[in-house]
Each structure stands twice: as structure tokens, then as C-alpha cells.
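[1] Below are the sequence and a predicted model; questions follow.
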Amino acid sequence: MRVIGTAGHVDHGKSTLVQALTGTHPDRLKEERERAMTIDLGFAWFTLPGGEAVGVIDVPGHRDFIENMGAGGGGIDAALLVVAADEGVMPQTREHLAILDLLQIQSGVVALTKADLVDDDWLTLVTADLRAMLTNTVLAYAPIVPVSARSGVGLAQLTDTLQATLSQRPPRPDLGRPRLPIDRVFTLAGFGTVVTGTLSGGALQVGDEAEVYPAGLRARLRGLQTHKTKVERAVPGSRVAANLVGVEVNELHRGMVVAHPNSFQPTTLLDVRFRHLPDAELPLKHNAEIKFFLGAAEVFGTARLLESDALEPGEQAWVQLVLTQPVVAVKGDHFILRRPSPGATIGGGVIVDPHPKRRHKRRAPEIIAHLATLLQGTPGEILLQALTSLGLVSLKAALHKSGLVDPALSEALSEIRASGDLLTLDGETLVASRQTWQAFANELQGALTAYHVAHPLRAGMPREELKSRLGLASKIFTAALNHAEGLKLVILSGAWVRLPTHAIQFSPDQQTKIDALLADFQREPYNTPSFKVSAAQVGEDVLNALIELDQLISLSSEVLLTPETYASTVAQIKTYLQTHGTITVAIARDLLGTSRKYALALLEHLDAQGVTKRVGDERVLK
């Protein structure tokens, strides 16, 4: 079970696109329908072409409701960034992208909606602007797919691209410590209290005893559903509706967490590594009031700067957050900070210590060194950092880069293998981190998508051109490409590489010209139109496509045959050679009733194919 979250500016068509993909309009509030504007989180689901069910969280785009976006963004596997082609990049486009980047949502697809309202030149400009905006973010290599929810154009390609993107995301690990951040609370007649959220950290089972944090309320899981389907066990990564017995609706609210009893300790004090957004309007001052977003929780607090009195936009620092209400936090969780008034996203980061013992003394070198060590992480995290920094490399190089030695090295390998963060590409020693592979897969699919758009009548992108584009050594490129083929991200065909969704398609006008050309080939099978004449009749790109599709066989730069004529000709030549032992150009010409040019091209082609061998002026079977 995977979850996709939308992002993007108001009125760019997020909810309409979700309805086109899923058949369900995510706006559920009366006010939303009356105003035709998403205010709160919406939910839907659909089934990908491969059969996997996917949940969709639709978030508000208007700046007045952007804080609801934070509640929906933390538990998603991939982002669907929606940008209207007729407007392009807008303020909340940038703010939503910044939030995705701060939350480190590693996968995503950009849907360029309303593509039917603009011409090709404008679409190219908007795409270039988008690609520039995405640079140096988690979506730097995300595929950009033009779509129209109104006409349906591009929707099939979008679902295929989402499927390819999600296929690179490994299942959420089951760490035996489930967390269900509540993003919605309601009651159902005959059932009672129901909460929904995106499950992480572990599985929940019907009948489990539960605790609602931070309130400490005890409950029991009477029922579980995923996409309105009853399940006995909900797994990490799935959208879950949980029917709770023992608590009332008025006791619960968004931001609480359902988990096993005594498995978490709520906290109001957090040590974090904070990244101040480069386009933030003001410096962040010591003890500034902030709004803290984690999972579905939204809490006020203050930011204690541990190294300075102010943090300029674009800088990073160690910060201790003091919250007004307790939250459930785990080391490694990503969070967002917003300025309360006027409201604006100012940055975010990662939680290094969810339970510091006390408020830290500021400007204390020993405290900074301690936090840096915590940030560096476990042996597995250290090895993973080394692996990610190197890209697609040998395991030996990654181990050397980490600086670890046994027993920590063995522990690190076991840790990242168990978590699915270590990918072996060639069955032996070439490896990549999950994050690196996702970036490569996005770049690979982006390069192929761009090539298919530029050359729709070509079977695929030449391997060598793709290798040069990706900037990889031959051994690494081959291993990565084979791994991508195994995951069905690409199709390898000889010297060509293509996306599974790509196929050469001729227009009705082109097909009419093709039919006329092939009729000429049928009328004179051994005196067929030359390459130049054929290209003039159907166009050189179309002719090359016919050759790539094996609808025509190229014997030389001038001579073409249909596959049927070619097969018949080869059979005749072989039969003659089996009977007479040798054949000359003149004999082949007379045998086929053709010209010397065609007979010579045929025999030289058969020499190159290893069917015949030239001996003087004669050919023999090889």
C-alpha cells in the first residue's frame, strides 16, 4: 500500500486531477463545494495499472489553509506536484515544494495540468521554468507529465509514471512500533469513534490494545479498514481507518497519535538540526515564536538558537525547540517550522534528540559536539550517508568512505540491508543507497521521457547517447540499466532504450503514405524504391521508424526490401548454394530477376550477417 500526496498552488487543478484519476472528488466539506476551493485534507484512492491500490491525500493550495498541507505531507511515499500550464510556477507552488524538500519526500511526479489550454511553445517555456525551480530539491529529476483532467489527455501516461515512481519506493519497514498520526476524527452510526491516518513504524491488528498520545487515553481497535475494505491487519505505509472502542470523538483531535500502550513518551523539548529557507523574509531570532508541524500535529513553541542570536535565511544551525504542548517524536523525524504571524513557512529539518534531559546552555562547544555525533547516527546511518554521497559505486569504496571498522562495520551492513536501504545492482559488488537509486531512476526516466517527446518516431534512445547524458562509466551504466530493466522501468532492445509506455504511432496521414509506399514494394519486390525515393514519399523520420519496426529491411544505404521479400530471397539464395555450392552477383541477379545493384546489396548484406562468405568473385555458405 502506497500513499501519494498532492501539492501546488490554489486553482491549479489538484482536486479535479484527483477526481479524474480516482473517480472520487476529495473535497468533502460543504464549504469546500460551495467555494470550489479545498480547505482541509481530502482523501481518495485508485488502482494503478499493475494492480496496486494507492491512497491519495489532497491538500489545500490557498495560502490561508497551507498549514493543513503540513498535516498531510508527512506520511506520503511520493508527491504529485500540480502546476497549471496556463499560469506556471506561483507562490504556493514554491512554498509547497519547499515543504516537500524539508520533509525529504524523495519521490515525485509533476503534473502539468490544463495542458490543453496552451500551445506547444508556451508548454515548453513552462516546463523549462519548472525544471529550473526543481533544481537542487528532492524533486530535481521528477518526471513532468502534461495532462488535461477535462479531456483525459496524458492521464494514462501520468498513472504509468506514478506507478514507475512508486515501484522504486521500498515497502515501509515494520519496526514493531506502529504510529498512526490522526488526521481526521468522526463517528459512524453503529460503529462509534473512527480515526484515520497514514500508518508508519509497524502494523496494527484488530483487537489490539491502543493508547492515544499525548492524552494517555486507552482504547481497543474494534475494526480496521483500508480504502473502505475491512482488514484484520494494517501494514506500515497504508491509509488506515481505525474504529476505536473506549474513547469518544470529543476527546480526540488531529495531531494525536494512536499506538500500542507505553510505546512512546510524549515530549515538549526537542533538539533539532534546522535549515532556514533561503527565501525566508527575516532572520530567525533566538526565542522566536514558531509553529511546529510533525506528522499531523501542529503545536506552538519557541526556537532556542544554540550557536548565535539570529539565523540568516539559507543558514543551518542547532536549535532546541520548546513546545507548548507535548508531541510524539522519534529520532530522524522530519518537521516543518512556520512563522505564526504573518504566516509563512520559514524552514524545517530533522529531529536529532526527541528527549533531551534539560534546556541546553547556549554557545557550549560540548553540547554542539554531542549533537553533531547524534546527527551522524548509528553505524548503519553513517554507512548509508557515505554510500549516498558516492552515488552508484562498488561496495568496497562505500565501506572505505564510511571509515567504519568491525564490529561496527558488520553491524552497519546488517542494519542497512535489513532496512532495504542497500541495493545491489549487479548481483555482486555494485551498490547504491535507496535515495541514490531513486534519484538515478528519476533522471533516467526524465531523460527518456524528453527523448521520446523530441523523437516520437524513434524506437528508443541510443544506449551510448543515454550513457553520455547520464555521465556514467560503462560498467556502472550497464549494471544500472539492467537493474532498471529488471524493475520494468525501461525496456532494452539492442542498441535502444525506451520507457515501457513508449510506442511508435503514426498519424492517419502518415499511415496513408506508408500504405502507398508498401504497395509499391509489393508490386516490384526486387526492384523496390530507393531510400531517397521512399524518404521523399513518407518522410525520412517515418522511413527510419519503419526500418526500426522491421516493416522494411535495409540492405544498404540505398536498397530496402519488405520482410516477406527478404525472407523469400534469403531462402532462394540458400537453396541455390546448397545445390550449386557457389553463386555470383550476376547469377543472383538473374535468379531474382533484379538489377545488379540490388543483387550486390543483398549478397554484401548476407556476408555481413554471416550467412555467406565471399571467395573471390563468388559467395559460398558460411
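    The structure has been received and is ready for your questions.
[2] In this protein, which strand is the longest?
    Looking across the chain with DSSP state E, the single longest strand is strand 316-327.
[3] Just checking: what are the partner strands of that strand?
    Strand pairing for strand 316-327, using DSSP bridges, gives strand 267-276 (antiparallel), strand 297-305 (antiparallel).
[4] Taking strand 316-327 as reference, get the angle to the helix or strand that comes right after it.
    Later in the chain than strand 316-327, the nearest helix or strand by DSSP states H and E is strand 334-339. Interaxial angle of strand 334-339 relative to strand 316-327 (axes from the mean of the first three to the mean of the last three CA atoms, to 10 degrees): 90 degrees.
[5] Tell me the helices and strands packed up against strand 334-339.
    With contacts taken as 3 or more CB pairs under 8 Å, 6 or more residues apart in numbering; DSSP states H and E, strand 334-339 sits against helix 67-73, helix 91-102, strand 288-294, strand 344-353. (Each C-beta comes from the backbone N, C-alpha and C, glycine too.)
[6] need those in TSV with distance to Trp437 and mean pLDDT, can you?
    Output for those, formatted as TSV (distance: least, CB to CB, whole Å; pLDDT from 0 to 100):
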stretch	distance to Trp437	mean pLDDT
helix 67-73	23	47
helix 91-102	19	90
strand 288-294	27	95
strand 344-353	21	92
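[7] mind giving me TSV with these and columns for mean neighbour count and distance to Phe506?
    Formatted as TSV, the helices and strands packed on strand 334-339 follow (neighbours: other CB atoms under 10 Å; distance: least, CB to CB, whole Å):
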stretch	mean neighbour count	distance to Phe506
helix 67-73	24	43
helix 91-102	22	37
strand 288-294	22	51
strand 344-353	22	48
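[8] Which one, of the ones you listed, ends up nearest to Gly446?
    helix 91-102 (16.5 Å; CB to CB).
[9] which secondary structure elements does that closest one contact?
    Helix 91-102 packs on strand 2-7, helix 67-73, strand 78-84, helix 120-134, strand 334-339, strand 344-353, going by 3+ CB pairs under 8 Å, 6+ apart.
[10] quick one: Ser556 is in a strand?
    No. Read with DSSP: H, G, I helix; E, B strand; the rest coil, Ser556 is coil and lies in no strand.
[11] need the contact list for it.
    Ser556 is in contact with Ala601, Glu604, His605, counting by CB atoms under 8 Å, 6 or more residues apart in numbering.
[12] before we move on, which element is the second one in?
    Which is Glu604. helix 596-609.
[13] Pull out the buried positions in that helix.
    Tyr598, Ala599, Leu600, Ala601, Leu602, Leu603, Glu604, His605, Leu606 (16 or more other CB atoms under 10 Å).
[14] thought the third one was touching Thr584?
    Put plainly, it is Leu600. No. Using CB atoms under 8 Å, Leu600 makes no contact with Thr584, being 10.3 Å away.
[15] Domains of the chain: list them as residue ranges, please.
    Under automatic domain parsing, the residue ranges defining each domain of the chain are 2-166, 180-259, 267-375, 377-505, 508-621.
[16] quick revisit: minimum distance to Ala44: which of the helices and strands packed on helix 91-102 has it?
    strand 2-7 (9.7 Å).
[17] That closest one pairs with which strands, and in what direction?
    By DSSP bridges, strand 2-7 pairs with strand 53-58 (parallel), strand 78-84 (parallel).
[18] Tell me which helix or strand comes right after that strand.
    Counting by DSSP H and E, what follows strand 2-7 is helix 14-22.
[19] Distance from the chain centre to that next one, please.
    19 Å (CA atoms, centre = their mean, to the nearest Å).
[20] quick one: low-confidence parts of the stretch 401-550 of the chain?
    403, 405, 427-428 (pLDDT under 70).
[21] Show me where it has its helices.
    408-419, 434-454, 463-470, 474-486, 508-523, 531-538, 540-548 (DSSP state H, counting those that start in this stretch).
[22] elements contacting the third one?
    In terms of contacts (3+ CB pairs under 8 Å, 6+ apart), helix 463-470 is packed against helix 434-454, helix 474-486, strand 496-498.
[23] List of residues touching the longest one?
    Applying CB under 8 Å, 6+ apart, the external contacts of helix 434-454 come out as 106-107, 140-145, 161, 164-165, 168-170, 387-388, 391-392, 420-423, 432, 458, 460-461, 466, 469-470, 480, 484, 487, 489-490, 497-499, 502.
[24] so of these, which ones are in strands?
    Ile144, Val145, Leu422, Leu423, Ala432, Met461, Val497, Arg498.
[25] most surrounded residue in these?
    Ala432 (27 neighbours; other CB atoms under 10 Å).
[26] How about the contacts made by that one?
    Leu387, Gly391, Leu392, Val393, Leu423, Leu425, Phe440, Ala480.
[27] and if you look at Glu604?
    Glu604 touches Leu555, Ser556, counting by CB under 8 Å, 6+ apart.
[28] And for the one 3 residues further on?
    Listed by CB under 8 Å, 6+ apart, the contact partners of Asp607 are Lys613, Arg614, Arg619.
[29] what about the most centrally placed residue in the chain, distance to Pro49?
    Centroid-nearest residue in the chain, with CA atoms, centre = their mean: Thr165, separated by 3.2 Å. According to CB to CB, to the nearest Å, Thr165 stands 13 Å off from Pro49.
[30] now swap in Gln106 and tell me
    22 Å.
[31] between the longest strand of the chain and strand 344-353, how big is the angle?
    80 degrees.
[32] Any buried residues in strand 316-327, and which?
    Ala317, Trp318, Val319, Gln320, Leu321, Leu323, Pro326, Val327.
[33] same deal with stretch 608-619?
    Val611, Thr612, Glu618, Arg619.
[34] Around the nearest residue to the third one once chain neighbours are set aside, count how many other residues there are.
    So that's Glu618. Distances taken as CB to CB, 6 or more residues apart in numbering put Thr582 closest to Glu618, at 4.2 Å, once the chain neighbours are dropped. Thr582 sits with 15 neighbouring residues when counted by other CB under 10 Å.
[35] I'd assumed Arg619 was in contact with Thr582.
    Yes. Look at Thr582 against Arg619 with CB under 8 Å: they come within range, at 6.6 Å.
[36] Counting neighbours, what do you get for the residue nearest to Phe264 when sequence neighbours are not counted?
    The shortest distance from Phe264 to any residue other than its chain neighbours is 4.9 Å, reached at Val328 (CB to CB, 6+ apart). Burial of Val328, expressed as a neighbour count using other CB under 10 Å, amounts to 23.
[37] picking that back up, so which of the buried residues of helix 596-609 comes closest to Gly295?
    His605 (65.9 Å).
[38] And the pLDDT at the closest one?
    At His605, the predicted lDDT confidence score is 91.
[39] separation between it and Gln551?
    In terms of CB to CB, His605 sits 17 Å off from Gln551.
[40] again, but for Gln157
    From Gln157 to Gln551 the distance is 25 Å (CB to CB).
[41] and Thr16, which of the strands paired with strand 316-327 is closest to it?
    Taking the strands paired with strand 316-327 one by one with CB to CB, strand 297-305 is closest: 27.1 Å.
[42] Quick check: next helix or strand after that closest one?
    Once the chain leaves strand 297-305, the next helix or strand it forms, by DSSP H and E, is strand 310-311.
[43] Thank you kindly, that will do.
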